[in-house]
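Asker: Following is a predicted model, sequence given first.
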Amino acid sequence: MSILEENGVKSQIIKGTEYVYIDKPYWDKAKKQNRHNREYVGKLGEGGEFIPNKNYLDRQNEKGESVLESPVADRKYFGATYLLDCIGKKSSLEGDLIEVFGEKTGKEIMSLAYFLVLEGESSMYRFPKFAKTHRHPAEKVISSQEISNIFMGITENEKAKFFKKRTKLCLANEHLVYDTTSISSYSETMEQVKYGHNKDLENLPQINLAMVLGEESRLPSYYRKMPGNISDVTTIKKLLVDMGFLGIKKIKFVFDRGFCSGANINSMYKNRHKFVIAGRMNFELVKSSVEELREQVKELANYSEEHDIYCTTKESRWEYKYVDRRGRDKLSNRVIYVHVYYDGERAEHEKKKFVKRLKAAAGAFADGSCSAAQMNLCEKYFSQRESKGTVTLKHNQEAINKYMQNFGYFTLLSNHIPSPQEAISIYRNKDLIEKAFYNLKNRLDMKRTKVSSEESLEGKLFVQFVALIYASYISRIMSKEKLYKNYSMASLLDELDVIEIFEYQGKKTHTSEITKKQRDILHCFGVTL
């Protein structure tokens, strides 16, 4: 509490304002229990000063008594928010936010992001309680209405300026990783909420979210919201337009196989972007390359001890049509590397999974409970025989073998990396974006949109994106320093969060005792108190 709890003086936050009251306990003879009366005497200002109300002032003047003094002492939780302060400075995030949004709004966005990082899945309406007990950049309680106003006040122009600053930090020496995820919503008013392929397998309408991260720094630099019925393969063209608008010309991309299409690869060549993209087995270049190298890749000379996988490469040519500056149709022929990989453990895992699906489909067929997907499996991989009115299934081993022949194989396509080992190293770092999506949905309160208007959603997404930058920085250091052996992100932040800061009027500020564990954690982040 911001005011000394002496003589029954307490405070309560109502709609973002901290009101001061005197608690007067009494004995209720009728109910035979202790009861309380509250006499509201004023409120606290943004700096913690006491502002008495008129009734209280008049009564004190009549009695000739002094008015309650402003607080002369305060203490708040400080350790975890101080770590976030340092991260904001080290990553240039604090400077970018203040430069783009101004000091007041920039610090308010930072405070809301701190709350999301430290309070996990807590909803934003609980921010006032957090602000009352923690030191944070805005240094005040932000009411629910003020939070809504902050969300709705974030403009597209401000976001573009911010994305431009963050992306330039990533582009010096690293690839950009790009992927999409789906976020479910119950809203019936937002235009972009549509039914589509839900990556969390939920039967709800959704929006899709595309995100770009730096492959080495592991920090998010850009995101874009899309309608829920847009597929991965159609998003690249719009992404390249956005990158051009942000002044980013030559980029190194890493893509999942959901983005593997001839049109997307053409776009990469046309815009002179470098790429690594996972191939799909129904893609003709991938299919023919695997067929050609199927046995060769398994040779001992092609085993990579570092990645525990067999790999080899086929250099091929990619032809695509484009229109030159004079409007003439041109044909270009460029090099493309097809990296083919084989993983025996993966092959066995895929085989067991497939066999279980076949067994389940056959069982469902026998008892008449087949789903549409299981019936499709039965038609593809079984033949039916009817005897005495009973239909039985027999394995179509030829079809099964043909389908299983590609188990354990996968490919990566690149226009600038001739080494299969280097390509797989870069691609495997792509799992950092999956971790980022996990943090966004499960730690940063974005499993559902939980807003009803487009303006509020856009602003909330941006604040969560800022929080994700803080969380990604923490995750990178925890991985680098092997802190995940002893902590989850939540437990590490909880360990620091109990450090308090004490402020006395006219005295030097100091912190509570700091344990060796807390000092060791801060040391890993290059932070000292």
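Answerer: Structure's in. What do you need?
Asker: When you work out contacts or count neighbours from here on, use the C-alpha atoms and nothing else.
Answerer: Fine.
Asker: show me where pLDDT drops low in the stretch 101-250 of the chain?
Answerer: Scanning the stretch 101-250 of the chain for pLDDT under 70 picks out 120-121, 171-175, 179-207, 226-235, 247-250.
Asker: can you do 80?
Answerer: Within the stretch 101-250 of the chain, the stretches with pLDDT under 80 are 120-123, 168-211, 213-218, 225-250.
Asker: Let me see the ranges of the strands in it.
Answerer: Ranges of strands in the stretch 101-250 of the chain, per DSSP state E, counting those that start in this stretch, are 176-184, 206-214, 220-227.
Asker: Packing partners of the second one?
Answerer: It stands for strand 206-214. If contacts are counted by 3 or more C-alpha pairs under 8 Å, 6 or more residues apart in numbering; DSSP states H and E, strand 206-214 sits against strand 176-184, strand 220-227.
Asker: what residues go with each domain of this structure?
Answerer: 9-71, 346-404 (automatic domain parsing).
Asker: quick one, which of the ones you listed is nearest to residue 259?
Answerer: domain 346-404 (22.2 Å; C-alpha to C-alpha).
Asker: okay, how far is it across the closest one, tip to tip?
Answerer: 12 Å (C-alpha to C-alpha, to the nearest Å).
Asker: how far is it from where the chain is centred?
Answerer: Put simply, domain 346-404 sits 39 Å off its chain's centre (C-alpha atoms, centre = their mean, to the nearest Å).
Asker: what's the model's confidence in the host helix or strand of residue 265, averaged?
Answerer: Here residue 265 sits within helix 262-270, counting by DSSP states H and E. The average pLDDT for helix 262-270 rounds to 86.
Asker: mind listing what's buried in that helix?
Answerer: The neighbour-count check on helix 262-270 (16 or more other C-alpha atoms under 10 Å) flags 262, 264, 265, 266, 267, 268, 269 as buried.
Asker: Within the sheet, what are the partner strands of whatever helix or strand comes next after it, with directions?
Answerer: Sequence-wise, the next helix or strand downstream of helix 262-270 (DSSP H and E) is strand 274-278. Strand pairing for strand 274-278, determined by DSSP bridges: strand 252-255 (parallel), strand 409-414 (antiparallel).
Asker: Give the buried residues for the host helix or strand of residue 291.
Answerer: Using DSSP H and E, residue 291 maps to helix 284-293. Within helix 284-293, the residues scored as buried using 16+ other C-alpha under 10 Å are 285, 286, 289, 290, 293.
Asker: Name the residues that touch that helix?
Answerer: The contact list for helix 284-293, computed with C-alpha atoms under 8 Å, 6 or more residues apart in numbering, reads 279, 280, 281, 314, 338, 340, 409, 411.
Asker: From the contact counts, what lies against the next helix or strand after that helix?
Answerer: The first helix or strand that comes after helix 284-293 along the chain, using DSSP H and E, is strand 303-304. If you count contacts as 3+ C-alpha pairs under 8 Å, 6+ apart, strand 303-304 packs onto strand 309-323.
Asker: what angle sits between the strand it packs on and helix 262-270?
Answerer: Strand 309-323 and helix 262-270 are oriented at 80 degrees to each other (axes from the mean of the first three to the mean of the last three C-alpha atoms, to 10 degrees).
Asker: just to revisit the earlier point, could the contacts of helix 284-293 be laid out in TSV, adding neighbour count, distance to residue 399 and pLDDT?
Answerer: Output for those, formatted as TSV (neighbours: other C-alpha atoms under 10 Å; distance: C-alpha to C-alpha, whole Å; pLDDT from 0 to 100):
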residue	neighbour count	distance to residue 399	pLDDT
279	26	23	94
280	19	20	92
281	17	16	91
314	17	28	95
338	28	27	97
340	23	24	97
409	19	18	96
411	24	23	96
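Asker: still on that earlier bit, centre of the chain to the helix holding residue 291, how far?
Answerer: 35 Å.
Asker: Make residue 1 into 564 and carry on from there
Answerer: I'll keep to 564 as the first residue from here, and by that count the last item is helix 847-856.
Asker: between that helix and helix 825-833, how big is the angle?
Answerer: 90 degrees.
Asker: Not counting sequence-adjacent ones, nearest residue to residue 990?
Answerer: Ranked by C-alpha to C-alpha, 6 or more residues apart in numbering and with sequence neighbours excluded, the top spatial neighbour of residue 990 is residue 817, at 6.6 Å.
Asker: residue contacts, the one you found?
Answerer: 738, 739, 740, 741, 838, 839, 840, 989, 990, 993.
Asker: Out of those, which comes closest to residue 711?
Answerer: residue 741 (29.6 Å).
Asker: hang on, the earlier thing: ok, of the strands paired with strand 837-841, where does mean pLDDT dip lowest?
Answerer: Sorting the strands paired with strand 837-841 by mean pLDDT places strand 815-818 lowest, at a mean of 80.
Asker: Pull the distance from it to the chain's centre.
Answerer: On C-alpha atoms, centre = their mean, the centre of strand 815-818 falls 18 Å from the chain's centre.
Asker: If anything else comes up later, I'll come back, but that's it for now.
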